[in-house]
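Enquirer: Build the 3D model from these lines:
(one chain, ligands or ions: 2)
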Amino acid sequence: MTMSGNRTVMDRIEELKDRGTLPYEDLKALLGPLTGEESEALYAAAREVRESIFGKDVYLRGLIEISNWCRNDCYYCGIRRSNKNAQRYRLDKEQILDCCDKGYALGFRTFVLQGGEDPWYTDERICDLASSIRSAHPDCALTLSLGEKSRESYKAYFDAGAQRYLLRQETSSPAHYRFLHPEPLTIENRKRCLYDLKDIGYQVGCGIMLHSPGQTDDNILEDLYWMKEFEPHMVGIGPFISHKDTPFKDEASGGLDQTLRVLAILRLMLPKVLLPATTALGTIHPRGRELGILAGANVVMPNLSPAGVRKKYMLYDGKICTGDEAAECRRCMEARIRSVGYEVKVSRGDYPGWTREQ
Ligand code: 5AD
Ligand code: FES
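Expert: Ligands and ions are numbered 1, 2, ... in the order given. Predicted coordinates for the structure are as follows:
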């Protein structure tokens, strides 16, 4: 058993479960490395907390990748502006509504529209999409994940019917943020967006990439404490995976074990949070998403994008589920979740206790 001072890892797991936080050095110790037995204790604590709130339910989100045009040039991302090898596409309204209809028939009750920061998608077009999807499927939730916008734009989308917004901060540390993103992007504006979204009344998802180039354990701790204070409704966490046409092409991808530890730690720090077992986690290990569920995750986001465009939304090399039809992906996901003793729940899957209704 790993000892540091006179406290064992097991003591720290107990304290994190009881208090939802830990002093700096104690939290740092949980980032690892841990023995097999210690890791299993951490995952078991996360499952216990998760099951006390959500039981065995896993929520589905249908991800529709609406455009891979992007005005930004993030060094890690395969659809960055400077990647001349990316074949660009954008879905039109009819194609997106068609994805939602197919998804609805497959039991999806949340649609996530995700895309690069594509100026063709003006506020007017986004609002029109949001209101059209909400009127076609009034019992479904609509999530947007379209990057940094002004407060006024976020408010307009909300008034048009979007109830949730995903925007990962990627890293909370200003210096590390600058290392991953060229100007004009700044961590200050990123956080401004997240606070605006919350203030407007969205259920908000933030999140980070793990093991992105230059990331240290101290950066991860800054992320954990920042998220504890921000209290997001969702947290998207996945390992960094290199993409061959980016400046980070030769950088090592993130590992499975630390990703699982961070998922479990987040479950203990933010018990009610909606925590996806991400596609990136499924990409670095054949059972990555199942292991994510066993470490406290409670959401999966199968792809509903038309099969013809999936390979073009290549954020990183080797991305899984790019050759499948929505129905296959849905079935495959259900089998994976069952295999670890959990159940897909056909439900909007709002944040526990969420009452604001539009
Ligand atoms: N590896 C892993 N995740 C990535 N993302 C973008 N590029 C990569 C990469 N190379 C993630 C970012 C973004 C989300 C949509 O995809 O965290 O927020
Ligand atoms: Fe997409 Fe298995 S979850 S094919």
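
Enquirer: For the stretch 201-350 of the chain, which segments are assigned as helices?
Expert: 217-230, 256-269, 279-284, 288-294, 307-310, 326-339 (DSSP state H, counting those that start in this stretch).

Enquirer: Equivalent analysis for the stretch 1-150 of the chain, please.
Expert: 9-19, 24-30, 36-54, 93-105, 123-136.

Enquirer: Can you name the residues of the stretch 201-350 of the chain that neighbour ligand 1?
Expert: Residues of the stretch 201-350 of the chain found near ligand 1 (Cβ under 6 Å from any ligand atom) are 209, 238, 240, 241, 243, 280, 315, 316. For the C-beta atoms, the positions are set from N, CA and C on the backbone; glycine is no exception.

Enquirer: The fourth one contacts residue 283, doesn't it?
Expert: The reference is to residue 241. Yes - counting by Cβ atoms under 8 Å, residue 241 touches residue 283, with 6.0 Å between them.

Enquirer: The two: who's more crowded?
Expert: It is residue 241, of residue 241 and residue 283, that has more neighbours when counted by other Cβ atoms under 10 Å, with 25 against 21.

Enquirer: Find the residue closest to the more buried one in space, skipping its chain neighbours.
Expert: The shortest distance from residue 241 to any non-neighbouring residue, by Cβ to Cβ, 6 or more residues apart in numbering, is to residue 316 (3.7 Å).

Enquirer: Also residue 260?
Expert: residue 295 is the one closest to residue 260 (Cβ to Cβ, 6+ apart), at 4.3 Å.

Enquirer: And the one you found, how close does it get to residue 15?
Expert: As judged by Cβ to Cβ, to the nearest Å, residue 295 and residue 15 stand 19 Å apart.

Enquirer: okay, those two: which has more neighbours?
Expert: Using other Cβ under 10 Å, the more surrounded residue of residue 295 and residue 15 is residue 295, with 28 against 17.

Enquirer: Model confidence for residue 325, exactly?
Expert: What the model reports for residue 325 is a pLDDT of 88.

Enquirer: thought residue 245 was touching residue 87?
Expert: No - if you go by Cβ under 8 Å, residue 245 and residue 87 don't touch, sitting 11.6 Å apart.

Enquirer: So which of the two has more stuff around it?
Expert: residue 245 (16 against 9).

Enquirer: Sort out which residues of stretch 138-157 are buried, please.
Expert: The neighbour-count check on stretch 138-157 (16 or more other Cβ atoms under 10 Å) flags 140-149, 153-157 as buried.

Enquirer: Show me which of the residues you listed is closest to residue 254.
Expert: Closest to residue 254 out of these is residue 145 (20.4 Å), distances taken as Cβ to Cβ.

Enquirer: pLDDT-wise, which helix or strand of the protein ranks last?
Expert: Every helix and strand in the chain was compared by mean pLDDT, DSSP states H and E; the lowest is strand 3-4, with a mean of 50.

Enquirer: related to what we said a few turns ago, now, which of the buried residues of stretch 138-157 lie close to ligand 1?
Expert: With Cβ under 6 Å from any ligand atom as the criterion, these include none near ligand 1.

Enquirer: Just flag the most distant two among these.
Expert: Among these, 140 and 148 lie farthest apart (Cβ to Cβ), at 25.3 Å.

Enquirer: what about residue 307, how many residues close to it?
Expert: Neighbour count for residue 307, taken as other Cβ under 10 Å: 14.

Enquirer: Isn't it up against residue 327?
Expert: No - at 10.5 Å, residue 307 and residue 327 do not qualify as touching, with contact defined as Cβ under 8 Å.

Enquirer: Which member of the buried residues of stretch 138-157 is positioned nearest ligand 1?
Expert: Among the buried residues of stretch 138-157, residue 145 lies closest to ligand 1 (Cβ to the nearest ligand atom), at 6.8 Å.

Enquirer: any idea how far residue 164 is from the closest one?
Expert: 9 Å.

Enquirer: same check, this time on residue 191
Expert: Applying Cβ to Cβ to residue 191 and residue 164 gives a distance of 18 Å.

Enquirer: So these two - more neighbours on which side?
Expert: Shown here are residue 191 and residue 164; by other Cβ under 10 Å, residue 164 has more neighbours (25 against 18).

Enquirer: can you pull the contacts of that one?
Expert: 110, 141, 142, 143, 144, 202, 203, 204, 205, 233, 234 (Cβ atoms under 8 Å, 6 or more residues apart in numbering).
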